[in-house]
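Participant: requesting a structural model of the entry that follows:
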Amino acid sequence: MPLYLNDEQAMLRDTAKDFIAEHAPVGHMRALRDANDATGFSRDLWKQFAEMGLNGVLIPEDQGGLGLGHVEAGVVLEEIGRNLSPSPFLATAVAAVEALKGSGQAERWFPGIVAGETVAALAIDEGAKHRDSIGLKAERSGNGFRLTGAKRFVTHGHVADLLIVGARTAGSPDDAEGVTLFAVSKNAANLTATPERLADSSLAARIDFEGVEIDADAVIGEVDAGRDPLGRLLRAGRTGAAAELLGVGGGAMDMTVGYLKERKQFGVAIGSFQALQHRAAHLYSEMEVARAAVLKAQQLLDAGADADEAVSIAKAMTGMATTLSVQEGVQMHGGIGMTDEYDIGFYMKRARVLAEMFGDIGFHADRLAKAAGY
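Facilitator: Predicted coordinates:
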């Protein structure tokens, strides 16, 4: 598979680039932060995404979507990252959609996602770091289940209409089997969401399930066999987060290169200094390697191939490359890079949050090592 976009994908990139740069630039994120916005994103903008057809990028055409793939979803996510646009696109239109595909829940939730009326959140993590273990209990209760426990760092969990919840129906937290995935409505009784600001000023919630009663119809897939839809969710989420990280790193690099061309010392642009040229060239090469890794993972997902290793490579590579990009950006901007009035610092903060989402560099390096027999 060639590691470049075809003509249709390039057209989508150009459309998304113009739309997001106009309607959700970096200033949009700054305005939400300064206003201490309690939602964490613009619902009007989410509706505009729907009007552009973007929310249904991964939803089949016979269910109202565009019927496209992960490459196309990544094109949109890269532009979201480049502009630091607060959006539920990754969790809702990518990860949640992949989890719901083929289940009875798709018919219920897909129309709202396509219309920009539904926001989904992923209640997967239970600790400070992303791990594969799931301990939240789902016990049989009447014709359904009772959920007891807590989830952490649920992005937009306090305002989501739908929670995709990973729960333990059998075994212990670290067991591969015995996991069930549930679609839980925001109106469920005994469910409490407490939002917290993250480093990039986005909002994620702690969700407490204090005996939340749900019907058996809420099961996504089959009881005790939730690793399948959860695996689809995680592969899509990790690859999508890698694509958004790529956009963050690319946006920071573009801003830095622009600054090197404009900022003058001793009467000449600092970009003419060989030491800075070497650093910029190194950064560019690292970003391009990460780009290739992300596109490879997206293409494998679209082909229905075993993409687990490629997904981990993409997430780890973009984590390293984007971390380099934002750090070099702040350093090469000098003192002004440390000020709030200049945007480069926002890229560093967003990169830090995205790098942790769905597993950090160390998590995925460990997965790759174990897969290789170490």
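Participant: C-alpha coordinates for stretch 139-146, PDB please?
Facilitator: Included here for stretch 139-146 are C-alpha records, laid out as PDB according to Å, rounded to 0.1, in the frame of the first residue of the first chain:
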ATOM      1  CA  GLU A 139     -23.500  -8.000  38.300                       C
ATOM      2  CA  ARG A 140     -26.700  -9.600  37.200                       C
ATOM      3  CA  SER A 141     -29.700  -7.800  38.400                       C
ATOM      4  CA  GLY A 142     -33.200  -8.800  37.300                       C
ATOM      5  CA  ASN A 143     -33.300  -8.700  33.500                       C
ATOM      6  CA  GLY A 144     -30.100  -6.600  33.300                       C
ATOM      7  CA  PHE A 145     -27.000  -5.600  35.200                       C
ATOM      8  CA  ARG A 146     -25.900  -3.400  38.100                       C
END
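Participant: now that stretch: how far from the chain's centre is it?
Facilitator: Once both centres are worked out by Cα atoms, centre = their mean, to the nearest Å, stretch 139-146 turns out to sit 32 Å from its chain's centre.
Participant: share the number of residues neighbouring R152, please.
Facilitator: Look at R152: counted by other Cβ atoms under 10 Å, it has 18 neighbours. No exception for glycine: its C-beta is placed from N, CA and C like everyone else's.
Participant: residues contacting it?
Facilitator: 125-128, 204, 206 (Cβ atoms under 8 Å, 6 or more residues apart in numbering).
Participant: same question, A183
Facilitator: Per Cβ under 8 Å, 6+ apart, neighbours of A183: 100, 105, 108-109, 162-165, 218, 220.
Participant: can you select the buried ones from these in ChimeraX?
Facilitator: To isolate the buried ones among the contacts of A183 in ChimeraX, judged by 16 or more other Cβ atoms under 10 Å, type:
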select :100,105,109,162,163,164,165,218,220
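Participant: of the contacts of A183, which belong to helices?
Facilitator: Under the assignment DSSP state H, these contribute 100, 105, 108-109 to helices.
Participant: in TSV: those, plus pLDDT.
Facilitator: As requested, the ones in helices among the contacts of A183 are exported to TSV (pLDDT from 0 to 100):
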residue	pLDDT
L100	97
Q105	93
R108	95
W109	97
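Participant: which members of those are the farthest-apart pair?
Facilitator: L100 and R108 (8.7 Å; Cβ to Cβ).
Participant: give the burial count for the closest residue to P86 other than its chain neighbours, as a bare number.
Facilitator: Excluding the flanking residues, the one nearest P86 by Cβ to Cβ, 6 or more residues apart in numbering is F41, at 4.2 Å. Around F41 there are 23 other residues, counting by other Cβ under 10 Å.
Participant: next, F41: secondary structure please.
Facilitator: Following DSSP: H, G, I helix; E, B strand; the rest coil, F41 is assigned to coil.
Participant: how close does it sit to E107?
Facilitator: Counting by Cβ to Cβ, to the nearest Å, the gap between F41 and E107 amounts to 26 Å.
Participant: what do you get for V97?
Facilitator: Taken as Cβ to Cβ, the span from V97 to E107 is 13 Å.
Participant: between the two, who's got more neighbours?
Facilitator: Each of V97 and E107 has its neighbours counted (other Cβ under 10 Å); V97 has more, 28 against 10.
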